[in-house]
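> requesting a structural model of the entry that follows:
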Amino acid sequence: MLSAKLAEGQIRIVDSEVVEKPKTKILNKMLEESFGDRMRVLLVSGYNTDKNFLIASQNLKQIQLTQPNVFSYKKNTKKKKIKIL
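This next block holds a predicted model:
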């Protein structure tokens, strides 16, 4: 199922989630460039997530942040694009 989402372009893997400043506007612009303006995104991050990224993502309701050890395919992938950090 994850491979199907990958083939459809709904999974993106990036090297880092680092955001220069803890600003929602900056993160939102980055995500819009990757996913478009009508996005619902599940971000699967590592265990040491960038502090600026965490602060910037708090106000984005269309973003869900999870870690690999608590990721559940059925619970987390319905109608969402996935970005693995």
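
> may I have the residues that are in contact with residue 65?
43, 45, 49, 54, 57 (Cβ atoms under 8 Å, 6 or more residues apart in numbering). Where C-beta positions appear, they are placed from N, C-alpha and C, glycine not excepted.

> can you say which two of those are spatially most distant?
43 and 54 (10.4 Å; Cβ to Cβ).

> so which of the two has more stuff around it?
Set side by side, residue 43 and residue 54 show more neighbours around residue 43, with 23 against 14, by other Cβ atoms under 10 Å.

> now that one: how far from residue 65?
5 Å (Cβ to Cβ, to the nearest Å).

> could you give the bridge partners of residue 42?
residue 64, residue 82 (DSSP bridges).

> just to check, it is in contact with residue 68?
No - counting by Cβ atoms under 8 Å, residue 42 stays clear of residue 68, with 11.9 Å between them.

> and those two? Which one has more around it.
Neighbours per residue, other Cβ under 10 Å: of residue 42 and residue 68, the larger number sits with residue 42, 20 against 10.

> what pLDDT does that one get?
Reading off the confidence values, residue 42 has pLDDT 77.

> contact partners for the residue nearest to residue 57 when sequence neighbours are not counted?
Leaving aside its chain neighbours, residue 57 sits nearest to residue 63 (5.2 Å; criterion: Cβ to Cβ, 6 or more residues apart in numbering). For residue 63, the contacting residues are 31, 41, 43, 57, by Cβ under 8 Å, 6+ apart.

> am I right that the first one sits in a helix?
Yes - if the criterion is DSSP: H, G, I helix; E, B strand; the rest coil, then residue 31 is within a helix.

> could I get the full set of strands for the chain?
Per DSSP state E, the chain carries strands over the ranges 11-13, 41-44, 63-66, 81-84.

> any chance of JSON lines for those, columns distance to residue 5?
Below are the strands of the chain laid out as JSON lines (distance: least, Cβ to Cβ, whole Å):
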{"stretch": "strand 11-13", "distance to residue 5": "5"}
{"stretch": "strand 41-44", "distance to residue 5": "10"}
{"stretch": "strand 63-66", "distance to residue 5": "15"}
{"stretch": "strand 81-84", "distance to residue 5": "6"}
